[in-house]
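>>> coordinates only, no sequence provided:
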């Protein structure tokens, strides 16, 4: 590998991330510090960290690739995501922040479920931690695939080598600095991502002669590219918009709500986070959409993108910018990958450390011991994800889709009912979790009639929660009083 401008830019970016990890190292003294940053994030960092951890490599690879292939009919997914994210900030963030603090200062989602429902059997803890490990193994693999594809494309290295190069830096700063390193780096990465996704489509449009000329070229290539309903069905549109349901059950996003310094910081964080998200999503869609026009005007440069549509952003950055600017723009892909992968690794580490090691094996383990166990488990989970990512034909959006549905159906209804219905019981939570996860796996295995598996999973899990909660013993008096206390503490605007 030669020291070209691209190589130097990537190297400097990775060194910056590692430097942030080492700075964060000094602030990590307890497990609370390592996995939730001491619950001390402000509005700005919370907003950008939640956004960056949400928008993985699919934002700059999978979503532009989908628009490049399908035109505007693929934009329904963005509409669903925006609606789902806003509802998550509005109805989940505040109550979850307060409830986790009142539930024995719960540090993880399984920990919250255990104390929220007074589960002395620890079944909720074990099953929810297992679901996190199962689906995050797939989700983390998607990030490693995206990183490997980036290094393979940009530096022409073999996929098997690119896997290790792409994942190495993320593993390092997550292992070293924990949640603070992840959150601080997320803020830098979110800034880089929005810069790349605003600049790139603007330059593409200008190179084509403006909006009108670009739209004319897209229409000439295929008029159906301008049709929001091209090749769609009612089931297809519902499936794309149903991605928004997934937000309520994503542990790496919910962890940001749990870590904010106060519920009073959430309204400002919501405004910042939603503005960032809307700009990024529309920028990513514009890259793919106007990429249709660019590569139709330059068919001699289209071979790589036509072979793999997920490389449209990479190719546009390389073709339209000088190597130094291209290096910065392509670092945005690495930023998106690293931000989400680091959060996933940390949530898996939290589940293994807090919910298995401390919760079941070493209840009296010291804080220093727990921090080191957390670091070791980050490494172990990363190695498993690398093994799962070894297939170079893996599609980023497909892997994300499956894991997103798994978390959305298994945890989304449980979280919503736990925060909104005081008569929900431990058995209801357990039933909802199992029904949601199993439905996603089974539905996906049998094709699902073209309907995204999160929809039946979410629906059946919700029904199971209500039926089972009403069948057995009611929620205890203490559980209901705690619920009322949290609701009364919430102020208008949260």
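Done, it's in. Note that this is a predicted model, so its numbers are computed, not measured.

>>> how much space between residue 447 and residue 404?
Residue 447 sits 18 Å away from residue 404, taking CB to CB, to the nearest Å as the criterion. Every C-beta, even on glycine, is put in place using the N, C-alpha and C of the backbone.

>>> quick one, which of the two is more surrounded?
When residue 447 and residue 404 are compared for neighbours, residue 404 comes out ahead with 27 against 9, by other CB atoms under 10 Å.

>>> so what's the more buried one closest to, chain neighbours aside?
Distance criterion CB to CB, 6 or more residues apart in numbering; nearest residue to residue 404, sequence neighbours excluded, is residue 246 at 4.4 Å.

>>> could I get the contacting residues of that neighbour?
When contacts are counted by CB atoms under 8 Å, 6 or more residues apart in numbering, residue 246 touches 84, 404, 405, 407, 408, 412, 454.

>>> now the helix or strand hosting residue 267: mean pLDDT?
Following DSSP states H and E, one finds residue 267 within helix 266-297. The predicted model assigns helix 266-297 a mean pLDDT of 92.

>>> which SSE is immediately downstream of that helix?
That would be, after helix 266-297 and using DSSP H and E, helix 303-307.

>>> what about stretch 338-345, distance to the chain center?
8 Å (CA atoms, centre = their mean, to the nearest Å).

>>> try stretch 449-456
20 Å.

>>> which positions in that stretch come out as buried?
Within stretch 449-456, the residues that count as buried by 16 or more other CB atoms under 10 Å are 452, 453, 454, 455, 456.

>>> out of those residues, which are inside helices?
In helices, judged by DSSP state H, the following of the buried residues of stretch 449-456 are found: 454, 455, 456.

>>> re the thing from before, and the buried residues of stretch 449-456, which is closest to residue 465?
Nearest to residue 465 among the buried residues of stretch 449-456 is residue 456, at 14.8 Å by CB to CB.

>>> need the ones in helices among the buried residues of stretch 449-456 in CSV (columns: pLDDT and distance to residue 44).
Formatted as CSV, these follow (pLDDT from 0 to 100; distance: CB to CB, whole Å):
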residue, pLDDT, distance to residue 44
454, 93, 31
455, 94, 34
456, 95, 38
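
>>> from these, pick the one nearest residue 162.
Distances from residue 162 to these, taken by CB to CB, are shortest for residue 454, at 30.6 Å.

>>> wait, the closest one touches residue 240, no?
No - under the criterion of CB atoms under 8 Å, residue 454 makes no contact with residue 240, lying 11.0 Å away.

>>> and the longest helix for this structure?
Max-length helix for the chain by DSSP H is helix 159-207.

>>> what angle sits between that helix and helix 266-297?
Interaxial angle, helix 159-207 versus helix 266-297 (axes from the mean of the first three to the mean of the last three CA atoms, to 10 degrees): 80 degrees.

>>> centre of the chain versus helix 159-207, how much separation?
Counting by CA atoms, centre = their mean, helix 159-207 comes out at 13 Å from the chain centroid.

>>> could you point out which element follows that helix?
Using DSSP H and E, the first helix or strand after helix 159-207 is helix 211-221.

>>> and the contacts of the helix or strand that that following helix is followed by?
Helices and strands here follow DSSP H and E; after helix 211-221, the next one along the chain is helix 234-241. Helix 234-241 has contacts (CB under 8 Å, 6+ apart) with 74, 76, 77, 79, 80, 83, 229, 449, 450, 451, 452, 455.

>>> what do you get if the cut-off is 7 Å, keeping everything else the same?
For helix 234-241, contacts defined as CB atoms under 7 Å, 6 or more residues apart in numbering pick out 76, 77, 79, 80, 450, 451, 452, 455.

>>> output those residues in CSV; the columns should cover distance to residue 297.
CSV is the format used below for the contacts of helix 234-241 (distance: CB to CB, whole Å):
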residue, distance to residue 297
76, 27
77, 27
79, 29
80, 32
450, 34
451, 38
452, 35
455, 39
